[in-house]
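In: Here is a sequence together with a model predicted from it:
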Amino acid sequence: MDPTTPQEACFEAGIKFGTLYHQFAGTPVSPNSSDSLARAMEEAIENQPFCAAVTVDIREEALAEELAGQSADYTELTGRFMEVEIVVDYEDTHVVAAMEMEGDYPRMRVERVETA
């Protein structure tokens, strides 16, 4: 059985999340660099086919808490420091997917699938 258009659109969202997370996890980040890093992540992923929009929010409060107990002025970017939304438009399907922490795991999930 061939995949449906909505299934293919959801797959595209998964590709974008895999790229975003595994390309940028481990990047040095501080509260001072978080905005520019978030914009760079958005712009990099938006280059991919069918990607309509990407919103990355690097949680500066969480970064500050992490850095309060360290001697360094930066830490490594992980899922616990970011919330992400990716919008994919594939043929007649619009998919909204999001990543946020679920306990201690950065959960990526499809929020909405709309077909025209």
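Out: Alright, I've got the coordinates. Numbering: from 1, shown residues only.

In: so how far is residue 38 from residue 23?
Out: Separation of residue 23 from residue 38 (Cβ to Cβ, to the nearest Å) stands at 14 Å. Yep, even glycine has a C-beta here, placed from its N, CA and C like the rest.

In: residues contacting residue 29?
Out: Listed by Cβ atoms under 8 Å, 6 or more residues apart in numbering, the contact set of residue 29 reads 37, 58, 63, 74, 75, 76, 77, 81.

In: make it 7 Å
Out: 37, 58, 63, 74, 75, 77, 81 (Cβ atoms under 7 Å, 6 or more residues apart in numbering).

In: try residue 107
Out: For residue 107, the contacting residues are 99, 100, by Cβ under 7 Å, 6+ apart.

In: Give me the three-state assignment for it.
Out: Using DSSP: H, G, I helix; E, B strand; the rest coil, the structure places residue 107 in strand.

In: if you count what's nearby, which of residue 23 and residue 38 comes out ahead?
Out: Neighbour totals were compared for residue 23 and residue 38, and residue 38 leads with 21 against 12 (other Cβ atoms under 10 Å).

In: and that one, what element?
Out: Taking DSSP states H and E as the criterion, residue 38 maps to helix 34-46.

In: returning to what we had before: just the buried residues of the contacts of residue 29.
Out: Among the contacts of residue 29, those buried by neighbour count (16 or more other Cβ atoms under 10 Å) are 37, 58, 63, 74, 77, 81.

In: From those, which land in helices?
Out: Filtering these for membership in helices, criterion DSSP state H, returns 37, 63.

In: Could you work out the most separated pair of the buried ones among the contacts of residue 29?
Out: 58 and 74 (12.1 Å; Cβ to Cβ).
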